[in-house]
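Peer 1: coords please:
(2 chains)
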There are 2 protein chains.
Amino acid sequence: MRESIKVFAPATVANVGCGYDVLGFALEGYGDELILTRRPDDRLVIASIEGVQGLPLDPLKNVSTVAINAFLTDLDLKQGFDLRIKKNIAAGSGLGSSASSAAAAVYAANEILGRPKGQLELINYAMAGEKLASTKAHADNVAPSILGGVTAVRSYEPLDVFNISYPESLKVVVIFPQIEIKTSDAKKILRDEVKLTDAVKQWGNMAGLISGLIEHDFERIGKSLQDVIVEPVRSILIPFYHQMKTLALEKGALGFSISGSGPSMFCFIKEEGASSEIIEAAQVLYGAYEIEVISFISGINKQGAKIIE
Amino acid sequence: MRESIKVFAPATVANVGCGYDVLGFALEGYGDELILTRRPDDRLVIASIEGVQGLPLDPLKNVSTVAINAFLTDLDLKQGFDLRIKKNIAAGSGLGSSASSAAAAVYAANEILGRPKGQLELINYAMAGEKLASTKAHADNVAPSILGGVTAVRSYEPLDVFNISYPESLKVVVIFPQIEIKTSDAKKILRDEVKLTDAVKQWGNMAGLISGLIEHDFERIGKSLQDVIVEPVRSILIPFYHQMKTLALEKGALGFSISGSGPSMFCFIKEEGASSEIIEAAQVLYGAYEIEVISFISGINKQGAKIIE
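Peer 2: Predicted coordinates:
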């Protein structure tokens, strides 16, 4: 019986242009680490959180422990754990920070307990954690953080999630200006009703993006990475969003959109070469206004959550 | 130089569950025929219409001549034609009757003139014809009637249409109760605004339907053939819609939805065997209320419009 396990769960990009609350994908090499250690009692204890300040240590208020608690309750199992969390993703970045912690927690618990549940089922428990960070439980970050790749949430009731295949040469550039936007605030500014004509554009682009990804049609991927519903509203919260988008598209980006609820932005690129120009443009644009920006290139992470020790 | 040409353009199913104004596919063996013959002058003359009563012979009011006129105007060509139309699709059936006539007309004109335009461009001219029959120009019927297969209209401005691959073993059962619904009326009862939560469900299902079709995942196709926006409203105009849907699903249909604006309905099936039970159920249901119903099984028509003589 394993006493301790160390896992990694990747950062993620949710929404992905036209796929609000449906699409997401996992990033490479950027995510949270978690060491889970059995306790002799049935308590869940957050022993430490490194990397991000101010996250709650109270197990009722931390996404990781809430997620594990939902998992253990469903298993009807009394087993306590100590959690040591190393966060690499800033909260409020739009890169699935809370989802990554929730995903790492349930993934680690499932592995240490000998996999009583399948990966798809883990999404439900991670969503219970995610619910703390947002106004409702959503799966578009936790699904790719657990499963890896590009994921689609077809339905929430019942939960139906699957992977979408994609060209491995597709790369992502992430641009993260150092300001914080809370998911709950970003959700508040969305209207409850949308124009039918806009909704039609959105699912037309969804048809294009999904078929473009599966069929490795880069031109179609780029054309379809549009969002006529959420981007016009949320981009207001991101300084110089439209300037950054224009610069990225000029430098060869295949579409450009907001990552999750922002302020991170992302674009797809076909050639790695384009990335340095886009990253430089971001430095110049935000540097001029003294806003720090973290930008990097990533592949799409195929594996998702994994054991690292 | 060819003097005369006879073409066929198939009937089509538009919307396809979650794909309102975006998705469509062509049916096999059911469609309109058109004989186009050069005239010595530059007039467009509808010489005859067989099969359906009451369609306009006035070239300014008939979808076929309006479509050809848009095509010739764009080519800046003065060439008259006689049109002999044989309609097999009833107007107001929801099976793309006007689209089929418009598609046949521009396809025939393009062929007789030595293909000055590509197939994708023809969609624009056929849409000009379609506009007569609806409140706005839409492409979800004309695109599959011209191109064949399953088509998606990603964008209207600019027009961006492409084919979606699908499993060849996928069959369709069409159920057409003999009542008429005008597309323009069916559009009127739709609301201009929809709930964002419903729109999310719709594009989640779109992700499922497109990936299910391309990856030959029949279960996913069936689950994704849902429509939470248009079906709840338009189904009111179709007698016994929900009873028919329940019967078809019980008998093995992979999803069930309205074809275009109705009253025709359709379902996908994996095994041809299920079709006779669904067709029989339709006969019994509508027979009990003395509503005549035409039902048939079809493959998805791969070729689209074609020359037959």
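Peer 1: what's the neighbour count on the residue nearest to A:A199 when sequence neighbours are not counted?
Peer 2: The shortest distance from A:A199 to any non-neighbouring residue, by CB to CB, 6 or more residues apart in numbering or on different chains, is to B:A199 (4.2 Å). Where you see a C-beta, it was placed from the backbone N, CA and C, and this is true even at glycine. Residues contacting B:A199 under the criterion other CB atoms under 10 Å in any protein chain shown number 25.
Peer 1: please identify which helix or strand holds B:A199.
Peer 2: B:A199 belongs to helix B:196-214 when assigned by DSSP states H and E.
Peer 1: for that helix, name the packing helices and strands.
Peer 2: strand A:150-156, strand A:159-164, strand A:193-195, helix A:196-214, strand B:159-164, helix B:218-224 (3 or more CB pairs under 8 Å, 6 or more residues apart in numbering or on different chains; DSSP states H and E).
Peer 1: CSV for the ones you listed, including distance to A:D74 and mean pLDDT?
Peer 2: Formatted as CSV, the helices and strands packed on helix B:196-214 follow (distance: least, CB to CB, whole Å; pLDDT from 0 to 100):
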stretch, distance to A:D74, mean pLDDT
strand A:150-156, 18, 96
strand A:159-164, 13, 97
strand A:193-195, 35, 95
helix A:196-214, 31, 97
strand B:159-164, 38, 97
helix B:218-224, 24, 97
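Peer 1: buried residues, the helix holding B:A199. List them.
Peer 2: Neighbour-count burial for helix B:196-214, counted by 16 or more other CB atoms under 10 Å in any protein chain shown, picks out B:196, B:199-214.
Peer 1: about what we covered before: let me have the helices and strands packed on helix B:196-214 in JSON lines, extended by distance to B:P10.
Peer 2: Shown next, in JSON lines, are the helices and strands packed on helix B:196-214 (distance: least, CB to CB, whole Å):
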{"stretch": "strand A:150-156", "distance to B:P10": "30"}
{"stretch": "strand A:159-164", "distance to B:P10": "30"}
{"stretch": "strand A:193-195", "distance to B:P10": "32"}
{"stretch": "helix A:196-214", "distance to B:P10": "21"}
{"stretch": "strand B:159-164", "distance to B:P10": "14"}
{"stretch": "helix B:218-224", "distance to B:P10": "21"}
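Peer 1: A:Q53: which of those is closest?
Peer 2: Minimum separation from A:Q53 across these (CB to CB) falls at strand A:150-156, 30.3 Å.
Peer 1: so the closest one versus strand A:159-164, what angle?
Peer 2: 160 degrees (axes from the mean of the first three to the mean of the last three CA atoms, to 10 degrees).
Peer 1: elements contacting strand A:150-156?
Peer 2: Partner elements for strand A:150-156 (3+ CB pairs under 8 Å, 6+ apart): strand A:23-38, helix A:142-147, strand A:159-164, helix B:196-214, helix B:218-224.
Peer 1: change it to 7 Å
Peer 2: strand A:23-38, helix A:142-147, strand A:159-164, helix B:196-214 (3 or more CB pairs under 7 Å, 6 or more residues apart in numbering or on different chains; DSSP states H and E).
Peer 1: in chain A, which spans are helices?
Peer 2: A:63-75, A:97-112, A:119-133, A:142-147, A:183-188, A:196-214, A:218-224, A:231-234, A:241-250, A:273-287 (DSSP state H).
Peer 1: deepest of those helices, which one?
Peer 2: Neighbour counts (mean count of other CB atoms under 10 Å in any protein chain shown) averaged over each of those peak at helix A:142-147, with a mean of 33.
Peer 1: quick one: check that helix for contact with chain B.
Peer 2: No - using CB under 7 Å from any CB of the partner chain, helix A:142-147 stays clear of chain B, with a minimum separation of 11.9 Å.
Peer 1: put the alpha carbons of that helix into PDB.
Peer 2: Extracted in PDB, the C-alpha atoms of helix A:142-147 (Å, rounded to 0.1, in the frame of the first residue of the first chain):
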ATOM      1  CA  VAL A 142     -10.800  20.200 -15.100                       C
ATOM      2  CA  ALA A 143     -11.600  17.900 -18.000                       C
ATOM      3  CA  PRO A 144      -8.400  18.700 -20.000                       C
ATOM      4  CA  SER A 145      -6.300  18.900 -16.800                       C
ATOM      5  CA  ILE A 146      -7.200  15.300 -16.000                       C
ATOM      6  CA  LEU A 147      -7.600  13.800 -19.400                       C
END
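Peer 1: quick revisit: which of the helices of chain A comes out lowest on mean pLDDT?
Peer 2: Across the helices of chain A, helix A:183-188 has the smallest mean pLDDT, namely a mean of 68.
Peer 1: wait, which of the helices and strands packed on strand A:150-156 is closest to B:S97?
Peer 2: Of the helices and strands packed on strand A:150-156, nearest to B:S97 by CB to CB is helix B:196-214, at 24.6 Å.
Peer 1: neighbours of A:S261, how many?
Peer 2: Neighbours of A:S261 (other CB under 10 Å): 25.
Peer 1: doesn't A:R234 make contact with it?
Peer 2: Yes - using CB atoms under 7 Å, A:S261 is in contact with A:R234, at 6.3 Å.
Peer 1: for A:F176, give its distance to A:I258.
Peer 2: In this view, A:F176 and A:I258 are 11 Å apart by CB to CB, to the nearest Å.
Peer 1: how about the residues of the stretch 201-309 of chain A near chain B?
Peer 2: A:202-208, A:210-211, A:214-215, A:223-224.
Peer 1: A:Y286 and A:P177 touch, don't they?
Peer 2: Yes - assessed by CB under 7 Å, A:Y286 is found in contact with A:P177 at 5.5 Å.
Peer 1: quick check: neighbours shared by the two?
Peer 2: Taking CB atoms under 7 Å, 6 or more residues apart in numbering or on different chains as the contact rule, A:Y286 and A:P177 both touch A:V293.
Peer 1: how is chain A partitioned into domains?
Peer 2: A:4-165+A:302-307, A:171-299 (automatic domain parsing).
Peer 1: closest one to B:V230 among the ones you listed?
Peer 2: Nearest to B:V230, of those and by CB to CB, is domain A:171-299 at 9.0 Å.
Peer 1: before we move on, back to that, A:F176 and A:I258: which is more packed in?
Peer 2: Shown here are A:F176 and A:I258; by other CB under 10 Å, A:I258 has more neighbours (28 against 23).
Peer 1: give me the beta-bridge partners of the more buried one?
Peer 2: A:I258 has these beta-bridge partners by DSSP bridges: A:M265.
Peer 1: okay, it: pLDDT?
Peer 2: pLDDT, A:I258: 97.
Peer 1: isn't it up against A:M265?
Peer 2: Yes - shown here, A:I258 and A:M265 form a contact pair, counting by CB under 7 Å, at 5.8 Å.
Peer 1: okay, and the common contacts of these two?
Peer 2: With CB under 7 Å, 6+ apart as the test, A:I258 and A:M265 both reach A:I238.
Peer 1: what's the spacing between whatever residue is furthest in space from the centre of chain A and A:L72?
Peer 2: Distance from the C-alpha centroid of chain A, by CA atoms, centre = their mean, peaks at A:P40 (33.5 Å). According to CB to CB, A:P40 stands 16 Å off from A:L72.
Peer 1: ok, now A:G54?
Peer 2: Distance from A:G54 to A:L72, by CB to CB: 26 Å.
Peer 1: now swap in A:V228 and tell me
Peer 2: Taking CB to CB, one finds A:V228 at 42 Å from A:L72.
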